[in-house]
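Q: Got a predicted structure here, sequence first:
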Amino acid sequence: MERNNLLSPLKLGSLHLANRVIMAPLTRSRADQNHVPNEMMADYYAQRASAGLIIAEATMVMKGNSAFIAEPGIYSQEQIVGWKKVTDAIHKVGGKIFLQLWHGGRACHPNLNASQETVAPSAIAIDGEIHTPQGKVAHVVPCALKDEEIPGIISGFTTAAKNAKQAGFDGVEVHGANGYLLDQFLRDSANKRSGPYGGSLQNRARLLLEVTDAVVGVWGADRVGVRLSPLNSYNSMKDSDPQELTFYVAQQLSQRKIAYLHLMRGDFFALQTGDVVTVAREGFPGVLIGNMGYSPDEANAAIGTGLMDAISFGHHYVSNPDLVACIEKKIPFVEPDASTFYSPGPKGYIDYPKRA
């Protein structure tokens, strides 16, 4: 029997993907005023529609939770209309796209949100500084959410999931990674609270799982994915037992029969190491998408052995819009210009040529 590889088709939930090359969610800060997606974003995603699945960038589920300067939202009618331009452009060329639902938690700043207070599981600030319209400033100490405020967060994700459906997406990914709100509840360096959402791993995972359940209630499990980064120290994150965390959450998500689990296998800064891939596979027999630093050869090997079912590519999708064809024809990847990752305008965004 021939082994699967990046170019093999894949059944993901109720979708049939043409290949196993996934475009990872990438914040690019190109939205218009009021966090509205635009025609340039539609062009950018349509250029990359040969991916088996595009996971669109982190998108605010609620107003007043900006952690960048021009990231998109999905909480207003204007934003729904903007995203519909994107999904229409993708579907016109035969692509598939999920929206990543996101709340920044303590990664947000009042300077970006009309002085609205920043919230988190506990009153612990991120180390270092954040870019704001007033320049670089220190992260603020967030206000710890009260237990009675948490249903409002879940409601925000639920409404965003409904809006994503109205905007024409094929499904949604719950952002439980990279030190944003759901990850802040999940990992014990950021969550020092007591009560039903703090303390034990089961309690710390409660919000992520309740949000997932709410989103599944809108979309059905076969159109919902979840992203985790148990080792990533970005945004001052750490957990005392990332393997146990990975296995527990993977098992819980498997019971919910979601479309996929999207696992970041490492740490941007190499501060935390360990094998979370094996335990994720043990806990989650469904579609497992690997991410972080895979070459095509390593990706093919992981898929061929069944350790992974698909691989998502991040920064190489910035500069290689025809990444699938480059893999197929063994054309070396172009490295992206990091200075244009978050800059406004088309440069470094929609001007990388297709080469295959």
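A: That came through fine.
Q: for the chain, what's the longest strand?
A: The residue-count maximum for a strand in the chain (DSSP state E) belongs to strand 53-60.
Q: How far away from the center of its chain is that one?
A: Distance, stretch centre to chain centre, for strand 53-60: 6 Å (CA atoms, centre = their mean, to the nearest Å).
Q: what distance separates the start and the end of stretch 72-83?
A: Taking CA to CA, to the nearest Å, stretch 72-83 runs 9 Å from one end to the other.
Q: and that stretch, what's its mean pLDDT?
A: On average, the pLDDT along stretch 72-83 is 98.
Q: who's in contact with that stretch?
A: Residues outside stretch 72-83 that contact it (CB atoms under 8 Å, 6 or more residues apart in numbering): 31-32, 34-38, 41, 57, 59-63, 99, 101, 156, 159-160, 163-164, 166-169. C-beta: built from backbone N, CA, C; applies to glycine.
Q: of those, buried ones?
A: Neighbour counting with 16 or more other CB atoms under 10 Å marks 31-32, 35-38, 41, 57, 59-63, 99, 101, 156, 159-160, 163-164, 167-169 as buried within the contacts of stretch 72-83.
Q: Let's see which of those end up in helices.
A: Among these, the members found in helices (DSSP state H) are 41, 156, 159, 160, 163, 164.
Q: if we take the residues you listed, which one ends up nearest to residue 341?
A: residue 41 (14.5 Å; CB to CB).
Q: Assess the claim that that closest one and residue 29 are in contact.
A: No: between residue 41 and residue 29 there is no contact under CB atoms under 8 Å: 10.6 Å.
Q: on that earlier part again, save the ones in helices among the buried ones among the contacts of stretch 72-83 as TSV, and put in pLDDT and distance to residue 215 too.
A: Output for these, formatted as TSV (pLDDT from 0 to 100; distance: CB to CB, whole Å):
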residue	pLDDT	distance to residue 215
41	98	23
156	98	11
159	98	11
160	99	8
163	99	12
164	99	9
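Q: May I see those residues arranged in TSV, with distance to residue 313 as well?
A: Shown next, in TSV, are these (distance: CB to CB, whole Å):
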residue	distance to residue 313
41	19
156	30
159	31
160	25
163	27
164	23
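Q: and which of the residues you listed is nearest residue 316?
A: Using CB to CB, these come closest to residue 316 at residue 41, 19.2 Å.
Q: so who does the closest one touch?
A: So residue 41 contacts 28, 30, 31, 72, 82, 85, 86 (CB under 8 Å, 6+ apart).
Q: Checking the first one next. Helix, strand or coil?
A: The three-state assignment at residue 28 reads coil, by DSSP: H, G, I helix; E, B strand; the rest coil.
Q: pLDDT at it, what is it?
A: The predicted local confidence for residue 28 is 98.
Q: give me every residue that touches it.
A: So residue 28 contacts 41, 44, 57, 318, 341, 342, 349 (CB under 8 Å, 6+ apart).
Q: would the last one count as being in a helix?
A: No: Residue 349 is assigned coil when assessed by three-state DSSP, not a helix.
Q: Okay, it and residue 323: tell me how far apart.
A: The gap separating residue 349 from residue 323 is 16 Å, by CB to CB, to the nearest Å.
Q: More neighbours: the two, which one.
A: Higher neighbour count among residue 349 and residue 323: residue 323, with 25 against 20, using other CB atoms under 10 Å.
Q: Make sure the more buried one is actually in contact with residue 333.
A: Yes: if you go by CB under 8 Å, residue 323 and residue 333 touch, sitting 7.4 Å apart.
Q: Quick check: neighbours shared by these two?
A: In contact with both residue 323 and residue 333: residue 316, using CB under 8 Å, 6+ apart.
Q: Compute the distance between residue 274 and residue 177, please.
A: According to CB to CB, residue 274 and residue 177 sit 16 Å apart.
Q: More neighbours: which of those two?
A: Taking neighbours as other CB under 10 Å, residue 274 and residue 177 compare with residue 177 leading, 27 against 16.
Q: can you tell me how far the more buried one sits from residue 71?
A: Counting by CB to CB - residue 177 and residue 71 are separated by 15 Å.
Q: quick one: the strands in the stretch 101-250 of the chain?
A: For the stretch 101-250 of the chain, applying DSSP state E, counting those that start in this stretch gives strands covering 119-120, 129-132, 135-138, 143-144, 171-176, 224-228.
Q: Turn the ones you listed into a markdown table, including mean neighbour count, distance to residue 280 and mean pLDDT.
A: Listed next are the strands of the stretch 101-250 of the chain as a markdown table, based on neighbours: other CB atoms under 10 Å; distance: least, CB to CB, whole Å; pLDDT from 0 to 100:
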| stretch | mean neighbour count | distance to residue 280 | mean pLDDT |
| --- | --- | --- | --- |
| strand 119-120 | 24 | 26 | 98 |
| strand 129-132 | 16 | 30 | 95 |
| strand 135-138 | 10 | 35 | 96 |
| strand 143-144 | 16 | 30 | 98 |
| strand 171-176 | 28 | 13 | 98 |
| strand 224-228 | 27 | 8 | 99 |
